[in-house]
Every structure is written in C-alpha cells, then in structure tokens.
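# Sequence first, then the predicted structure:
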Amino acid sequence: MQVFHLPHEVCCRDRCACADVAVFVAAENPRTGERARKRVVKRVPGSITFVARERKENVPAALLES
Ligand SMILES: [Zn+2]
C-alpha cells in the first residue's frame with residue numbers, strides 16, 4: 001500500500017482540491033506582547049491511497065510527475 005500526498009504548491013496548478021481547515025494558534029501581539037488565540041485558515045492537501053496492485057483512472061497529472 002502506498003499513500004501519495006498532493007501538496008498544494010505542486011498539484012493545484014489550475015484547480016485546487018485542498019480543504020480549508022480553520023485552526024487556532026497562539027499568537028503574540030508584537031505591539032502589546034499579549035498572547036491571544038488567532039484563527040488561521042490552512043490549506044490541507046488531499047492524498048491518494050493505493051492498495052497493492054491497485055489501478056486508478058484519472059490520476060492527477062501532477063502526481064505522475066512527482
Ligand atoms: Zn490546493
């Protein structure tokens with residue numbers, strides 16, 4: 001079995017298949033030094049999993065090049 005991750009920078013040239021996920025990070029305000037939770041939206045890349053000997057149709061071209 002093999003899992004291929006599809007990083008946004010490599011695989012999302014003309015269409016993006018990533019999911020937007022909101023995460024909360026602790027960020028320090030550079031002016032006040034106050035720590036606050038900040039909402040950041042991250043792009044989470046998709047992945048394709050192949051089981052042994054599996055063949056898939058319509059695999060993204062960027063994956064084949066990687
Ligand atoms: Zn993307």
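Yep, that arrived. Numbering: from 1, shown residues only.
# pLDDT score for the residue nearest to the spatial centre of the chain?
The centroid of the chain falls nearest to residue 45 when counting by Cα atoms, centre = their mean (2.1 Å). Here the pLDDT value assigned to residue 45 is 76.
# likewise residue 34?
On pLDDT, residue 34 comes in at 91.
# likewise the one 3 residues further on?
Residue 37 is assigned a pLDDT of 89 by the prediction.
# Name the residues linked to it by a beta bridge.
Beta-bridge pairing for residue 37 (DSSP bridges): residue 26.
# Surely it touches residue 26?
Yes. Assessed by Cβ atoms under 8 Å, residue 37 is found in contact with residue 26 at 6.0 Å. In this view, the C-beta of every residue, glycine as well, is placed from N, C-alpha and C.
# Now do the shared contacts for these two.
The contact sets of residue 37 and residue 26 do not overlap (Cβ atoms under 8 Å, 6 or more residues apart in numbering).
# Can you tell me, leaving aside adjacent residues, what's nearest to residue 38?
Spatially, and ignoring its direct neighbours in sequence, residue 38 is nearest to residue 27 (4.1 Å; Cβ to Cβ, 6 or more residues apart in numbering).
# all helices of this protein, in order?
Per DSSP state H, the chain has helices spanning 8-11, 61-65. These are given in chain order.
# Worst mean pLDDT among those?
Across the helices of the chain, the lowest-scoring stretch is helix 61-65, with a mean of 68.
# near the ion, which residues of this protein show up?
Within reach of the ion by Cβ under 5 Å from the ion, the chain has these residues: 8, 12, 16, 18.
# Any idea how many residues pack against the third one?
Around residue 16 there are 13 other residues, counting by other Cβ atoms under 10 Å.
# The nearest residue to it once chain neighbours are set aside: neighbouring residues, count only.
Once flanking residues are discounted, residue 16 sits nearest to residue 8: 6.9 Å by Cβ to Cβ, 6+ apart. When neighbours are counted by other Cβ under 10 Å, residue 8 registers 15.
# just the one 4 residues further on next, same as before
When neighbours are counted by other Cβ under 10 Å, residue 12 registers 17.
# Relative to residue 21, how far out is it?
Residue 12 is 15 Å from residue 21, where distance means Cβ to Cβ, to the nearest Å.
# I appreciate the help and will end here.
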